[in-house]
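1. predicted model, plus sequence, below.
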Amino acid sequence: MSETTSLDSVATKPLNRLKSILGGSAGNLVEWYDWYVYSSFTLYFAAVFFPKGDRTAQLLSAAVVFAVGFLARPFGAWLMGLYADHKGRKAALTLSVGVMCAGSLVIAVCPGYETIGVGAPIVLVIARLVQGLSLGGEYGASATYLSEMAGREKRGFWSSFQYVTLISGQLLALAVLIVLQRFLTEDQLQAWGWRIPFAIGGLLAVTVFWLRSRLDETPSFHAAKGEERARTMWLFLRHPRETLIVMGLTAGGTLAFYAYTTYMQKFLANTSGFSKQSATEITAAALFVFMLIQPLIGAISDKVGRRPVMIAFGVLGVLCTWPIMTTLARTHDATAAFALVMAALVIVSGYTAVNAVVKAELFPTAVRALGVALPFAIANAVFGGTAEAVALKLKDMGHEEWFYIYVTVMIGVSLLVYWFMRDTQKHSRILED
């Protein structure tokens, strides 16, 4: 028996596969917790770093920094994608969580504007750029790792755990916020309480660094060890169609995801008129259900294919975004608001549950991590990272409803990609089982 065959058989034993998927997922959860803590606690620390202007102006400034963090993600995706394709998925996953840890701890201890003046927002921007580098690499490495570790028959189901843990990270950030809201006053939260979750994230990242260093490498990477490794221009010269597909299918999906998740908390507080605490609780409850349905949608894609699932998201997103958002803007009942947010999240699940495996299935092993990460990060920076800033700017201009149109149009653009692309489940380039 060859070394590759031996490694393949060990890695694909059910217990080893489950251990690897859970280990990779746990790290993904902490990475996304660290990323989303910023968004979840913006309502409290925006005035600390940006003291001038009304609440919308402060939130807009913080949202711009959130968007700036996304600008680093393509660079991180490029560096970490190449690193994952050259050194292994495990090595890239370990490195990315270490970098994220550093960014979180810097934010946790950074003095405010009153103490160091303009230095405060500058340090905040630098820390978010560091976290953007980490997350840009994390997405491609984790999507590739989970897709390669999953068996062919249940690849949609297991790869959906990338968004289960992504949402879990966001949910954990909101849970920490809810707990702190219960035990601290609003003044305490705004003065120093918002630092606690960033410190928690840094400590969790240290634990995950140790955990990831003990993961198994994927059979696909071992099988490709003798092949020439990825170079950046390969992606654009040898795989231009696949690269454009990833960017196109991401544009509408990532915009809808950030509109319905990270921005929704601000929308409920700043537009619908709910209190900060109620807005947080509604968002958290909806995200919890959203998290639970990801494996279900992933399993459905294993039965019917990836393409029909994404088309369902595209069609429903185009038809329902305007009525959901306009109704939600006038809603003052918490139960009705939860139902509307949940409807939007069920729709976007047609993108979130399968997009990682679709991207991984498009590329051969030697360039897979880079192919998954870089075009996604570019589209995500342009459309996902700017979602809050665009929404708040249009609100500040008095044309908030233009944001609903923007989201609808971009989902429509992605729908065209879904409609004309091949079903990656039937034409997967992940050859190992």
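-> Received the coordinates, thanks. Numbering: from 1, shown residues only.
2. ends of stretch 254-274, how far apart?
-> Using C-alpha to C-alpha, to the nearest Å, one end of stretch 254-274 lies 25 Å from the other.
3. buried set for that stretch?
-> Neighbour-count burial for stretch 254-274 flags 254-272, 274 (criterion: 16 or more other C-beta atoms under 10 Å). Every residue, glycine included, has its C-beta placed from N, CA and C.
4. pull the longest helix from this protein.
-> Using DSSP state H, we find that the single longest helix of the chain is helix 55-87.
5. just checking, what packs against the next helix or strand after that one?
-> Remark: after helix 55-87, the chain's next helix or strand is helix 89-109, criterion DSSP states H and E. Judged by 3 or more C-beta pairs under 8 Å, 6 or more residues apart in numbering; DSSP states H and E, helix 89-109 is in contact with helix 14-40, helix 55-87, helix 119-149, helix 195-212.
6. helix or strand right after the first one?
-> Going down the chain from helix 14-40, the next helix or strand is helix 42-49, by DSSP H and E.
7. among the buried residues of stretch 254-274, which lie within helices?
-> The helices, defined by DSSP H, take in 254-260, 262-267 from the buried residues of stretch 254-274.
8. any stretches of the stretch 201-350 of the chain with poor pLDDT?
-> Residue ranges of the stretch 201-350 of the chain with pLDDT under 70: 218-219, 221-232, 234.
9. can you tell me the element Gln429 falls in?
-> One thing to correct before we go on: residue 429 is Arg, not Gln. Using DSSP H and E, Arg429 falls within no helix or strand.
10. tally of neighbours for it?
-> 15 (other C-beta atoms under 10 Å).
11. verify the stated contact: it with Lys359.
-> No: using C-beta atoms under 8 Å, Arg429 is not in contact with Lys359, being 10.9 Å away.
12. returning to what we had before: mind giving me the packing neighbours of the longest helix of the chain?
-> helix 14-40, helix 42-49, helix 89-109, helix 119-149, helix 368-379, helix 387-396.
13. which ones are touching the nearest residue to Glu153 once chain neighbours are set aside?
-> In space, and not counting its chain neighbours, Glu153 is closest to Asp302: 6.7 Å by C-beta to C-beta, 6 or more residues apart in numbering. Contacts for Asp302 (C-beta atoms under 8 Å, 6 or more residues apart in numbering) come out as 153-157, 425.
14. try 7 Å
-> Residues near Asp302 by C-beta atoms under 7 Å, 6 or more residues apart in numbering: 153-157.
15. give me the residue at the spatial middle of the chain.
-> Computing the C-alpha centroid of the chain and ranking residues by C-alpha atoms, centre = their mean puts Leu166 first, at 5.8 Å.
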